[in-house]
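Peer 1: Build me a model:
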Amino acid sequence: MHLFDTHLHLSPEDDAAAVLSAARAVGVGEFLLAGTALSDGLAVSALAGSEPGVYAAVGVHPHAAASFAAGDLPQFRTLLSRPGVVAVGEIGLDYHYDFSPREVQRQVLALFLELAAELHRPVVIHCREAFADCHALVQRHLPGGAPFVVHSFTGTPEECRLWQELGAYISVNGMVTFTKADNIRAFLPLVQPERLLLETDSPYLAPVPYRGRTNCPAYLPAVAQRVAQELGLELSALAELTTANARRFFALA
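Peer 2: Modelled structure (predicted):
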C-alpha cells in the first residue's frame, strides 16, 4: 500500500524526520506540506527540497490574510520556483473564525488565485462557512480547467456538485471517521473517483481510533480504511486510486 497525504502541517517544534519516518513505516510514502504564511512557506519549501517524496504548497491562509503585505508577493513567486514546491496554498476564506476581515480575505484569495493561474500551478483551497464567496472567486479568477482542490471538505452534497462542476478535486480527512460526521459520509459517494484525495490536515482532526491525540500523517491509513469502507472498495484499490489522483493533481506523474 502506498498513500499520499495531500495536506499536513508541521511546526518548528516537530521532528520532521521522525514524523515522516513513522508515516512511511505504515505505507504513507508521499506528503504535501501546506504553508499558511511567508514564514512557514520558507520552512516547508526548504524541507520539500531536501526530503524525497515531500512536496510543498505556499500561500497565505485566510487567518493570516490581515498580516499579508503585497510587497511579499515576489518572495512567494520565488518560493514557487524552488524544487518540490508544487502548488499555491493554503489559501481561501474562513468566515467561521473571521480572524481577518472578510474583504481582506477575499482580496488576498483573488491575488493568489491569479498568481496560480499565471504560473500554472494547482491550488489548495480552504473554505469554511464561505461557500458562495469562495466559489465565485475561484470561478472569476481561475481559468476553466485550472486544477484546484477544496481541502478538508465538509460541505453539502449540492456544494460538492457545484465545486466539481468547476473541476475541483475534493479532499477528505479524519473527520470521515467521526460519529457525528454524517454530512461527510453523505457527499462522499458523489465525489468523482478521479477527483478524490486523502489528507490528514495534521496536527488537527486525528481520526478514530486516535481522537484526542495530536494528528500525524501516520494516521492516514485510518482515514483511508474508512473511506474505502464507505465506498465499497478494497483498501489497496483506494490507495492506488487516490495516490494516482494526487500525483496527477500536483503534476508529479
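Peer 1: Now for the residue nearest to residue 8 when sequence neighbours are not counted, how many residues are close by?
Peer 2: What sits nearest to residue 8 in space, not counting adjacent residues and going by C-beta to C-beta, 6 or more residues apart in numbering, is residue 202, at 4.6 Å. Using the backbone N, CA and C atoms, a C-beta is placed for each residue, glycine as well. Residue 202 has 25 neighbouring residues, counting by other C-beta atoms under 10 Å.
Peer 1: quick check, residue 202 in a helix?
Peer 2: No: the assignment for residue 202, made by DSSP: H, G, I helix; E, B strand; the rest coil, is coil rather than a helix.
Peer 1: need the contact list for it.
Peer 2: Shown in contact with residue 202 (C-beta atoms under 8 Å, 6 or more residues apart in numbering): 5, 8-9, 214-217, 219.
Peer 1: Does anything pack onto the longest strand seen in the chain? Which helices or strands?
Peer 2: Residue-count comparison of every strand in the chain, with assignments taken from DSSP state E, identifies strand 85-94 as the longest. With contacts defined as 3 or more C-beta pairs under 8 Å, 6 or more residues apart in numbering; DSSP states H and E, strand 85-94 has these neighbours: strand 28-34, helix 38-48, strand 54-58, helix 102-119, strand 123-128, helix 131-141.
Peer 1: returning to what we had before: roughly how far apart are the residue nearest to residue 8 and residue 248?
Peer 2: The gap separating residue 202 from residue 248 is 23 Å, by C-beta to C-beta, to the nearest Å.
Peer 1: can you check residue 87 too?
Peer 2: For residue 87, the distance to residue 248 equals 13 Å [C-beta to C-beta].
Peer 1: what about those two, which has more around it?
Peer 2: Neighbours per residue (other C-beta under 10 Å) separate residue 87 from residue 248, with residue 87 holding more: 27 against 15.
Peer 1: quick one: residue 7 is in a strand?
Peer 2: Yes: according to three-state DSSP, the state of residue 7 is that of a strand.
Peer 1: hang on, isn't it packed against residue 199?
Peer 2: Yes: Residue 7 lies in contact with residue 199 (C-beta atoms under 8 Å); the separation is 3.7 Å.
Peer 1: who touches both of the two?
Peer 2: Common contact partners of residue 7 and residue 199 (C-beta under 8 Å, 6+ apart): 32, 151-152, 171, 173.
Peer 1: As JSON lines, those with distance to residue 45, neighbour count and secondary structure would be great.
Peer 2: Output for these, formatted as JSON lines (distance: C-beta to C-beta, whole Å; neighbours: other C-beta atoms under 10 Å; DSSP: H, G, I helix; E, B strand; the rest coil):
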{"residue": "32", "distance to residue 45": "12", "neighbour count": "29", "secondary structure": "strand"}
{"residue": "151", "distance to residue 45": "18", "neighbour count": "25", "secondary structure": "coil"}
{"residue": "152", "distance to residue 45": "22", "neighbour count": "24", "secondary structure": "coil"}
{"residue": "171", "distance to residue 45": "21", "neighbour count": "26", "secondary structure": "strand"}
{"residue": "173", "distance to residue 45": "23", "neighbour count": "30", "secondary structure": "coil"}
